[in-house]
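A.B. asks: how would this look folded up:
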Amino acid sequence: MKRLLLHTASRRPLTLPVLSVPSCVLEQKISTVVTGCRSVGGRKSSLHSSSQLLGRRSPQQIDKINTSSSVEDAAAAEALRESMIRAPFQRAAGSKTLFPWRSTNEIMGRLIPGSEEFRRNGYLLGGNVISSNPTFDAYATAYLFMGVPLSEMMFFSQWQDDTAENMAWAFSQAMSGILSNAYGQSFETISKERKLGFDSAANPTDTDTATDAEAPSAGLSNDFLEPMVEKKLLSLFHDAQEYGKDQLQVRLEFKPKNAHMVNLFVFPFLSRNLLKIQPEIKDMYTQLLEFMGTNPRDAMPIYNEFVADFGDRGWTENTVIAQVLVPCEEVFWVKDLATGAIIQGVQDSTPRTVNHLVRMEMVVRSRPTEGFFPFEHEQGNWQMTDIDDLLKGNLLI
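C.D. replies: Residues are numbered from 1 along each chain as shown. You can find the predicted model right below:
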């Protein structure tokens with residue numbers, strides 16, 4: 001299989017087309033993704049113009065587990081459910097589910113303008129900030145950090161269709177890779193063109209023989225997958241496999257229908273790699289964002305320190321964050337093997353329409369230049385960092 005999963009080289013139009021869509025039109029698109037669902041109603045300046053202090057968010061609640069009433073031994077299934085809820089991977093996810101998956105056609109509350117969750121959390125960008133002008137932020141991010149010509153963003157609507165196609169493709173490929181890696185099944189068995197088909201009972205893997213540093217031999221290797229899926233998200237599914245093996249059967253099929261951009265945003269001078277190299281910049285950046293929301297003038301000395309550090313080091317990294325809403329045709333259920341009870345999802349062979357919120361990051365490396373622009377950018381690869389807030393956004397900061 002070619003190494004395509006979230007690489008910008010092969011799928012460059014991944015996030016660009018929808019940047020020409022005004023925010024009011026975008027909100028209308030989100031509201032009509034599923035029929036019958038709830039109604040949803042220069043380079044240094046992007047940080048200054050788009051940061052606003054945001055209050056602390058509350059944990060996102062995920063679907064409750066459905067227990068089949070047609071199984072006589074439902075009490076045993078309930079006991080298993082209660083024991084599994086105490087598993088470490090569930091505490092990490094903040095969810096009361098046995099398998100880390102949200103399967104519903106309801107759009108997440110924080111994406112619905114006017115809702116309490118939207119007021120408190122907004123786009124959940126990180127650093128307690130919310131975009132004050134999503135359309136401007138999208139244009140500025142695409143132009144300043146992704147090298148997209150303004151003419152392409154403003155006058156060519158075909159980019160919108162290309163973005164939808166590529167985002168849907170990237171999501172299904174990434175999830176196929178995660179399940180292949182975690183459950184030791186071949187990627188080709190799970191990934192079928194634009195459709196994902198997975199059954200944990202199809203090829204059960206005994207991970208006791210594998211070391212912590214390697215995935216089962218039949219699945220994609222960690223080295224192949226980790227650049228495309230953030231390690232916390234990958235670990236979530238590994239933990240689900242470990243605590244559910246020999247007890248649960250997971251069935252998941254989905255086919256993305258299209259995709260709609262929710263937001264595009266950038267954190268200049270910040271990346272997960274920089275936070276590892278210089279842990280102290282986390283407090284500096286947090287203070288910078290706080291000042292930007294209260295008194296921007298006080299933020300300038302900290303901002304200038306980041307600029308000076310960029311000049312001294314000769315490079316810096318910026319993180320572009322994209323969130324997309326992906327409607328899918330989906331079949332999902334989790335079965336207790338001991339009792340046959342369906343303890344999560346709905347056992348129905350007819351696909352249901354489900355909405356997934358996919359979060360991705362791309363690191364853009366910058367270097368000073370002597371040309372017309374004071375620096376040049378090198379775009380990295382897209383990496384999936386969260387799905388449906390399973391990791392509460394898996395925030396950069």
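
A.B. asks: Any regions of the stretch 101-250 of the chain where pLDDT drops low?
C.D. replies: For the stretch 101-250 of the chain, applying pLDDT under 70 flags the ranges 130-132, 155-164, 203-217.

A.B. asks: The longest strand anywhere in the chain pairs with which strands, and in what direction?
C.D. replies: Ranked by residue count and defined by DSSP state E, the top strand of the chain is strand 316-336. Here strand 316-336 is paired, per DSSP bridges, with strand 248-256 (antiparallel), strand 260-267 (antiparallel), strand 342-345 (antiparallel), strand 352-368 (antiparallel).

A.B. asks: buried set for that strand?
C.D. replies: Buried positions in strand 316-336, judged by neighbour count with 16 or more other Cβ atoms under 10 Å: 316-328, 330-336. Using the backbone N, CA and C atoms, a C-beta is placed for each residue, glycine as well.

A.B. asks: show me the contacts for residue 259.
C.D. replies: Counting by Cβ atoms under 8 Å, 6 or more residues apart in numbering, residue 259 makes contact with 163-165, 167-168, 171, 324-327, 358.

A.B. asks: Residue 337 too?
C.D. replies: 246-249.

A.B. asks: Taking those, please make a ChimeraX selection of just the buried ones.
C.D. replies: Per 16+ other Cβ under 10 Å, the buried members of the contacts of residue 337 correspond to this ChimeraX selection:
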select :248,249
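
A.B. asks: and the longest helix along the chain with strand 248-256, angle?
C.D. replies: When the chain is parsed with DSSP state H, its longest helix is helix 158-183. For helix 158-183 against strand 248-256, the angle by axes from the mean of the first three to the mean of the last three Cα atoms, to 10 degrees is 170 degrees.

A.B. asks: Now the element after helix 158-183, going C-ward?
C.D. replies: For helix 158-183, the following helix or strand on the C-terminal side (DSSP states H and E) is helix 187-190.

A.B. asks: Excluding chain neighbours, what is closest to residue 169?
C.D. replies: What sits nearest to residue 169 in space, not counting adjacent residues and going by Cβ to Cβ, 6 or more residues apart in numbering, is residue 194, at 6.2 Å.

A.B. asks: any idea how far the one you found lies from residue 234?
C.D. replies: With the distance defined as Cβ to Cβ, to the nearest Å, residue 194 ends up 22 Å from residue 234.

A.B. asks: related to what we said a few turns ago, which single one of the contacts of residue 337 is nearest to residue 268?
C.D. replies: For the contacts of residue 337, the closest approach to residue 268 (Cβ to Cβ) belongs to residue 248, at 43.7 Å.

A.B. asks: What distance do you get for that closest one to residue 335?
C.D. replies: According to Cβ to Cβ, residue 248 and residue 335 sit 7 Å apart.

A.B. asks: what residues are shared contacts of the two?
C.D. replies: residue 343.

A.B. asks: hmm, back to that, using TSV, please lay out the contacts of residue 337 together with distance to residue 397.
C.D. replies: Formatted as TSV, the contacts of residue 337 follow (distance: Cβ to Cβ, whole Å):
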residue	distance to residue 397
246	39
247	37
248	35
249	39
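
A.B. asks: any chance of the contacts of residue 259 in CSV, plus distance to residue 254?
C.D. replies: Compiled in CSV, the contacts of residue 259 are given as follows (distance: Cβ to Cβ, whole Å):
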residue, distance to residue 254
163, 19
164, 16
165, 16
167, 14
168, 10
171, 9
324, 15
325, 14
326, 9
327, 10
358, 12
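
A.B. asks: which one of the residues you listed sits closest to residue 391?
C.D. replies: Nearest to residue 391 among the contacts of residue 259 is residue 358, at 12.4 Å by Cβ to Cβ.

A.B. asks: Tell me, how many residues neighbour that closest one?
C.D. replies: Neighbourhood size, residue 358 [other Cβ atoms under 10 Å]: 23.

A.B. asks: who are the neighbours in contact with it?
C.D. replies: Applying Cβ under 8 Å, 6+ apart, we find residue 358 in contact with 167, 171, 259, 323-326, 384, 386-387.

A.B. asks: Give the bridge partners for it, please.
C.D. replies: Beta-bridge partners recorded for residue 358 (DSSP bridges): residue 324, residue 387.

A.B. asks: related to what we said a few turns ago, quick one: which of the contacts of residue 337 is nearest residue 106?
C.D. replies: Among those, residue 248 lies closest to residue 106 (Cβ to Cβ), at 24.4 Å.

A.B. asks: so who does the closest residue to that closest one other than its chain neighbours touch?
C.D. replies: Take residue 248 and drop its neighbours on the chain: the residue closest to it by Cβ to Cβ, 6+ apart is residue 334, 5.5 Å away. Residues near residue 334 by Cβ under 8 Å, 6+ apart: 98-99, 244, 248-251, 342-345.

A.B. asks: Neighbours of residue 104, how many?
C.D. replies: Counted with other Cβ under 10 Å, the neighbours of residue 104 add up to 17.

A.B. asks: for residue 114, same thing?
C.D. replies: Using other Cβ under 10 Å, residue 114 has 9 neighbouring residues.

A.B. asks: my read is it is in a helix, agree?
C.D. replies: No: counting by DSSP: H, G, I helix; E, B strand; the rest coil, residue 114 is located in no helix; its state is coil.

A.B. asks: give me phi/psi at it?
C.D. replies: Per-residue torsions, residue 114: phi 100, psi -20 (degrees, to the nearest 10).
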